[in-house]
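Participant: Sharing a model prediction with you, sequence too.
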Amino acid sequence: MVKLVKQPEVKEKKINKELLLKIPKYLIPAITPFLCFVITEYLWRYKSDGTLTSNPFATISPALIILNLLLFYGCWGFLYAIIGRSSVASYVTIALSFIVGLANYYIMDFRNAPITASDFRALKTAFAVGGTYTYMPTYQVFVIAFFAICLGVLNGIFKFKLPSMKKTYSKILVRAIPAILCICLMVGVTNFVSRQDIRKIIPDFNATLFTGAIMAKDDGLVLCFASTIQYTNVDKPDDYSNEKAEKILKDNKDDSVWNTSTISKTTSDNNTFNTKVKKANIVAIMNECFSDIGVLGDLKTNVDYMPITKSMMAGAKDTVSGYFYSSVIAGSTANTEFEFLTGDTMAFLPPGSIPYQQFINKDTESMASDLVKQDYTAIGTHPYVGYGWNRRSTYPLLGFQGTKFAIDMPGLQKIRVYADDASYYEYLKKNIFYNSKHFFSFNVTLQNHGGYVGDFANFNVDVHPVGFYNISTDNYLSLIKESDKQFGKLIEYFKTRKEPTIVIMFGDHQPNDYVVEPIYNKKNKSATDLVGAERFERYKVPVIIWANYDIPEDNKLITSANYMGGMVTRLAGCETSPYQNFLEKLRAKVPVICSQGFMGTDGKYRDLDKLDDYTSKINDYRILNYYNLFK
């Protein structure tokens, strides 16, 4: 009797024990993709000073969290279907999640913009430039890494696998079909968030990539990345054909527009581009990260950080000056030079794309190729590695007959870890600005490149804002002061040259948000939360055009980089191309157009989605933009 009673009790306990062991066996792998989402999101949301910028479960709506999780579960499910072991699928998913989150942690620190699909084409440049930054992560990164390791250990203990199958149809049924379904799930989510009307379906979805930090914060990093895959392709404009583009160019061969076109389109100034000099030498200086961050708000410093630039912009003789609106901020330097040299605009290209990396793979018309046709020698230089932004390959395709990079420039000196303007300009004086018959020299400086945190033995920090202390702001403004000084010396050099020479100097973009954040904090705002016209001011950069001969003076220029090549060509007394003539006509209606928006002649900011309603000629520009890159 006693044995008969006890026997079922032992069996029941054994069954319960087995059941308890099965729960974590399936539960741990089941929640792993969710925890991978947590790992990725928390990793990149920490700043280099250890501050958590946002809570993903507070900023990402429930619907978007579900879409993010579908991508994580789709990835895990695909790996499990192919490999057949839950532990291995979890290991790979955990590793990928940590790597992506950590990579974005650094990218956000460098440029305050998330990883996009286009970044994979720029990895070579990113690794080269990234070698100059400090990589020591915060302790929170180590805590998350420890959590990821623990999650991996648990998956190694609690695991399951697919049964081995010999028959082909069984393998297809159990492995291939689920793998395909997981791929379809991930592709479906990607296509869904790439819809033009996604905001109508999910109002919380943020599709504004060029406020990328906010987009990733609102949508989730992986979902944000998935939505940018669409931007790697460029659609043809409406009614596009090569014949139509060629007709537009043919209709703009006449350059008479320049005879009456005024320099300033947003003021009542009547100065035009007329000059008597023919075929002056042209020197373009694209000054790395050169900007006046004082335009963003109240900024007082112990000493003036750009006295020469400001004096030239105050109405100096034989000088055209003002501001242009860049398409980039804190990085993607090559896009500004792309717009300047080609006349094309990033406004019509995928957000996050780099034309030098993606689209220029054949001979492409540019300011360089146009001037070569007029017996100019065109040379492109940069005191850094030639593969940076693919310049060594791209410059010849743009028509440059010669290129010079750091390896070709003995004697370069450094401020911090980059070639300084002083030694770079000395090299140019001795080797590029020679007494040849007509030359165009396009030169990209490096001195002021990002990475402003830290103390440097070879750099004197002598500019300090009044009212706040920020080492990054101090370093940045001190670099600008040195750059301003060396630009002044370059102008003095050309004053002594007999050959007619025109010099254009402009920055490529403003610096990272952490440099300007204190300026906004004084207004109880944050640089990361700006929108609309206020955000547009973060893309405002000085431009100076000076000549050692008589040119009209104007200091109220407001424009964008795509127009400036034609202006300099005209002021140099050269023939402008049909494309440049077209652009000058367009500038009369749209003085500013860049990736961030556009301005009319009233000087007011407008979103790009209002561009087609503003002028009927804008589709002609889209056609020429596409024709120049993809014909």
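Facilitator: That came in fine, so what should we check first?
Participant: Please spell out which residues along stretch 520-532 are buried.
Facilitator: 520, 527-528, 530 (16 or more other Cβ atoms under 10 Å). Every residue, glycine included, has its C-beta placed from N, CA and C.
Participant: how about the most centrally placed residue in the chain, phi and psi?
Facilitator: Nearest to the geometric centre of the chain sits Ser332, at 3.8 Å (Cα atoms, centre = their mean). Dihedral pair for Ser332: phi 50, psi 40, per degrees, to the nearest 10.
Participant: I figured Ala406 was touching Gly388, is that so?
Facilitator: No - with contact defined as Cβ atoms under 8 Å, Ala406 does not count as touching Gly388 (9.4 Å).
Participant: Name the residues contacting each of these two.
Facilitator: Residues touching both Ala406 and Gly388 (Cβ atoms under 8 Å, 6 or more residues apart in numbering): His382.
Participant: any idea which helix or strand comes after the lowest-mean-pLDDT helix or strand in the chain?
Facilitator: The weakest-scoring helix or strand in the chain, judged by mean pLDDT, DSSP states H and E, is helix 123-130 (a mean of 52). Next in sequence after helix 123-130, counting helices and strands by DSSP states H and E, comes helix 139-157.
Participant: Now do that next one: everything it contacts.
Facilitator: For helix 139-157, contacts defined as Cβ under 8 Å, 6+ apart pick out 24, 28-29, 32, 35, 39, 42-43, 46, 50, 52, 86-87, 90-91, 94, 97-98, 101-102, 105.
Participant: Please flag which of those residues sit within helices.
Facilitator: Counting by DSSP state H, the part of these found in helices is 24, 28-29, 32, 35, 39, 42-43, 86-87, 90-91, 94, 97-98, 101-102, 105.
Participant: And the buried ones among those residues, selectable in PyMOL?
Facilitator: PyMOL command restricting the ones in helices among the contacts of helix 139-157 to the buried ones, with burial defined by 16+ other Cβ under 10 Å:
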select buried, resi 28+29+32+35+39+42+43+86+87+90+91+94+97+98+101+102+105
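Participant: Do I have it right that Phe536 meets Ser595?
Facilitator: No - with contact defined as Cβ under 8 Å, Phe536 does not reach Ser595; the gap is 10.8 Å.
Participant: the more surrounded of the two?
Facilitator: Per other Cβ atoms under 10 Å, whichever of Phe536 and Ser595 has more neighbours is Ser595, with 26 against 20.
Participant: Name the residue in Ala406 and Gly388 with the higher neighbour count.
Facilitator: In this view Ala406 and Gly388 are compared by other Cβ under 10 Å, and Gly388 has more residues nearby, 22 against 19.
Participant: Okay, the more buried one and Ala378: tell me how far apart.
Facilitator: Remark: distance between Gly388 and Ala378 (Cβ to Cβ, to the nearest Å) = 19 Å.
Participant: Also Ala334?
Facilitator: 17 Å.
Participant: Any regions of the protein where pLDDT drops low?
Facilitator: Filtered on pLDDT under 70, the chain yields the residue ranges 1-20, 109-113, 116-135, 165-171, 196, 208-212, 230-232, 435.
Participant: Run through the strands of it in chain order.
Facilitator: With strands called from DSSP state E, the chain shows them at 281-287, 319-325, 377-382, 402-405, 414-415, 418-419, 439-444, 501-507, 540-547, 554-560, 592-594, 597-599, 605-606.
Participant: just the ones you listed: most buried one?
Facilitator: Of all these, strand 592-594 has the most neighbours on average by mean count of other Cβ atoms under 10 Å, namely a mean of 27.
Participant: what lines up beside that strand in the sheet?
Facilitator: According to DSSP bridges, strand 592-594 forms sheet pairs with strand 597-599 (antiparallel).
Participant: Show me the contact partners of the strand it pairs with.
Facilitator: With Cβ under 8 Å, 6+ apart as the test, strand 597-599 has contacts from 266, 325, 347, 536, 558, 590-593, 605-608, 611, 614.
Participant: For it, what is the distance to the chain centroid?
Facilitator: 18 Å (Cα atoms, centre = their mean, to the nearest Å).
Participant: swap in stretch 550-557?
Facilitator: Remark: stretch 550-557 is offset 31 Å from the chain centroid, using Cα atoms, centre = their mean.
Participant: From here on, call the first residue 36.
Facilitator: Got it, the first residue is 36 from now on, which makes the last one we talked about stretch 585-592.
Participant: Might you report the residue contacts of Trp79?
Facilitator: Here Trp79 is in contact with 136-137, 139-140, 143, 149, 251, 256 (Cβ under 8 Å, 6+ apart).
Participant: Kindly indicate which of those lies nearest Leu432.
Facilitator: Within the contacts of Trp79, distances to Leu432 taken as Cβ to Cβ reach their minimum at Pro149, with 29.7 Å.
Participant: With Ile539 as the reference, measure out to the residue nearest to Glu76 when sequence neighbours are not counted.
Facilitator: Leaving aside its sequence neighbours, Glu76 sits nearest to Pro91 (Cβ to Cβ, 6 or more residues apart in numbering; 3.9 Å). Taking Cβ to Cβ as the measure, Pro91 and Ile539 are separated by 45 Å.
Participant: what do you get for Trp111?
Facilitator: From Trp111 to Ile539 the distance is 54 Å (Cβ to Cβ).
Participant: What of Ala349?
Facilitator: 18 Å.
Participant: One more: Ser326?
Facilitator: Ser326 sits 16 Å away from Ile539, going by Cβ to Cβ.
Participant: again, but for Ser303
Facilitator: Using Cβ to Cβ, Ser303 is found at 24 Å from Ile539.
Participant: again, but for Phe435
Facilitator: From Phe435 across to Ile539, the span is 17 Å (Cβ to Cβ).
Participant: Same question for Asp519.
Facilitator: Computed as Cβ to Cβ, the Asp519 to Ile539 distance reads 16 Å.
Participant: what do you get for Val127?
Facilitator: From Val127 to Ile539 the distance is 51 Å (Cβ to Cβ).
Participant: Could you pull up the contacting residues of the closest residue to Ile537 other than its chain neighbours?
Facilitator: Leaving aside its chain neighbours, Ile537 sits nearest to Ala582 (4.2 Å; criterion: Cβ to Cβ, 6+ apart). Going by Cβ under 8 Å, 6+ apart, Ala582 touches 310, 312, 315, 353-354, 535-538, 606.
Participant: which one of the residues you listed sits closest to Asn294?
Facilitator: Closest to Asn294, out of all of the contacts of Ala582 and judged by Cβ to Cβ, is Thr310, at 11.5 Å.
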